[in-house]
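[1] Just to be clear, the model below is a prediction. Sequence and coordinates:
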Amino acid sequence: MGKKILVTGGTGLVGRGIEFAALSDKREDEEWIFLSSKDCNLTSMDETRKLFEMHKPTHVIHLAAMVGGLFSNLRQNAEFFRVNMLINDSVLNCCREFKVEKLVSCLSTCIFPDKTTYPIDETMVHNGPPHSSNFGYAYAKRMLDVQNHAYRQQYGCQFTSVIPTNIFGPHDNFNLEDSHVIPALIHKCYNAKRDGTAVTVFGSGTPLRQFIYSHDLGRLMVWTLREYTETEPIILSVGEEDEVSIKQVAEVVAKEMGVENLQFDTTKADGQFKKTANNAKLRQYLPDFQFTPFEQAMKESCAWFVENYEKARK
Ligand code: NAP
Ligand code: GDP
């Protein structure tokens, strides 16, 4: 029998990356359904149940979440915790009730302990408090791993999760209040070029991050759904050697957008200094996987924003 794959949060940055990957490697026995919040408010168990009743999925990729950058998290820790706990409870419970054969959910490297040794690996998710800036989001995401193990133990469910690093690409959220650093900088550079003004980068520019292009993450998540059978999470990241500073990122975006004047506002928060993740587990499974070079991915992302300025989330 074929697979009917429901993707919650299918209209967001990662969902569009998965759609791109699934279309590039089509399988006859797979039907993909990409959902937005307009199809169902997943904070409601009743609505979620109706959705599962209607689609009867055999497989689920669960992306839907309240998502935001550092400054959005700093303002709304209570909402990040509550909304994500509700969404995850509805989705995992319905996956059990409707006997979904496999569920892949999405964690993040920003949920790891703040005080830790580096590099971080999959065994360290629960080893101490997360960074104080996003503890609401981080604890709700950590509970997904707890739920995966509990559902496996009590009901034998095949539930697992992936841990991506910072993500960027087409269809990102470019809203300057809520967004992550790359979409924010692309949008700021667009405005600066239009208005002939300088670009303000928040913080010192020294924090370090690993970034994955949404199209690469899409390919890896499709692989996870098809091939990965562990309950334990798997980090989906570029290597440690590809970590870059925020200053370097700002320079790449500025170059691509044709902007020269960058200023750093050190009164704004830096967030976690680094969260360097080790992708050795991924490399054991997929030693030859090729990530898109950072500058190429940035070129495509900037071009997407310029070409789709009117319809982009901003
Ligand atoms: P995104 O672009 O903001 O997309 C969020 C998706 O979730 C959208 O499709 C949205 O629907 C849907 N959604 C939000 N609230 C919902 C609700 N109450 N009911 C139903 N659907 C709802 O986010 P993303 O960056 O693709 O994130 C996807 C996953 O990756 C999340 O689990 C996130 O935690 C994780 N992640 C993201 C990053 C990153 O850097 N972005 C890094 C690590 C992990 P609408 O389109 O209708 O609003
Ligand atoms: P994080 O990786 O969870 O901290 O999330 P972000 O992507 O929001 O931020 C990463 C880093 O970029 C932090 O050090 C921010 O201070 C820095 N940053 C610089 N300019 C901006 C901006 O305009 N928006 C955001 N969100 N972060 C910025």
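    Arrived safely, thanks for sending. Computed from a prediction, not measured in an experiment: that's the story for all the values here. Numbers count the residues shown, from 1 in each chain. Ligands and ions are numbered 1, 2, ... in the order given.

[2] Name the residues of the lowest-mean-pLDDT helix or strand in the chain that are buried.
    Least confident helix or strand, the chain: helix 70-75 with a mean of 92, by mean pLDDT, DSSP states H and E. Going by neighbour count (16 or more other CB atoms under 10 Å), the buried part of helix 70-75 is Leu70, Phe71, Ser72, Asn73. In this view, the C-beta of every residue, glycine as well, is placed from N, C-alpha and C.

[3] I figured the second one hits His180, correct?
    The reference is to Phe71. No - counting by CB atoms under 8 Å, Phe71 stays clear of His180, with 9.8 Å between them.

[4] Show me what the least confident helix or strand of the chain is in contact with.
    80, 133-134, 136-137, 177-181, 202, 268-269, 271 (CB atoms under 8 Å, 6 or more residues apart in numbering).

[5] Lys247: what's it in contact with?
    Contact analysis of Lys247 by CB under 8 Å, 6+ apart lists Val201, Gly205, Thr206, Phe264.

[6] Filter the residues you listed down to just the buried residues.
    Buried subset of those (neighbour count, 16+ other CB under 10 Å): Val201, Gly205, Phe264.

[7] Excluding covalently adjacent residues, which one is nearest to the first one?
    By the measure of CB to CB, 6 or more residues apart in numbering, the closest residue to Val201 outside its immediate chain neighbours is Ala250, 4.7 Å from it.

[8] what is the rounded mean pLDDT of the helix or strand harbouring the one you found?
    Ala250 belongs to helix 246-257 when assigned by DSSP states H and E. Helix 246-257 carries an average pLDDT of 97.

[9] what do you get for stretch 126-146?
    Stretch 126-146 comes out with an average pLDDT of 96.

[10] now stretch 11-27
    Mean predicted confidence for stretch 11-27 is 95.

[11] do that stretch and ligand 1 meet?
    Yes - using CB under 6 Å from any ligand atom, stretch 11-27 reaches ligand 1 at Thr11, Gly12, Leu13, Val14, Gly15.

[12] tell me which element the residue nearest to the first one when sequence neighbours are not counted falls in.
    If you skip the residues right next to it in sequence, Thr11 has Ser36 as its closest partner in space, 3.9 Å away by CB to CB, 6+ apart. Using DSSP H and E, Ser36 sits in no helix or strand.

[13] close enough to count as contact, Ser36 and Thr8?
    No - using CB under 8 Å, Ser36 makes no contact with Thr8, being 9.3 Å away.

[14] Settle it for me: which of the two has more neighbours?
    Thr8 (30 against 13; other CB atoms under 10 Å).

[15] Alright, I will stop here.
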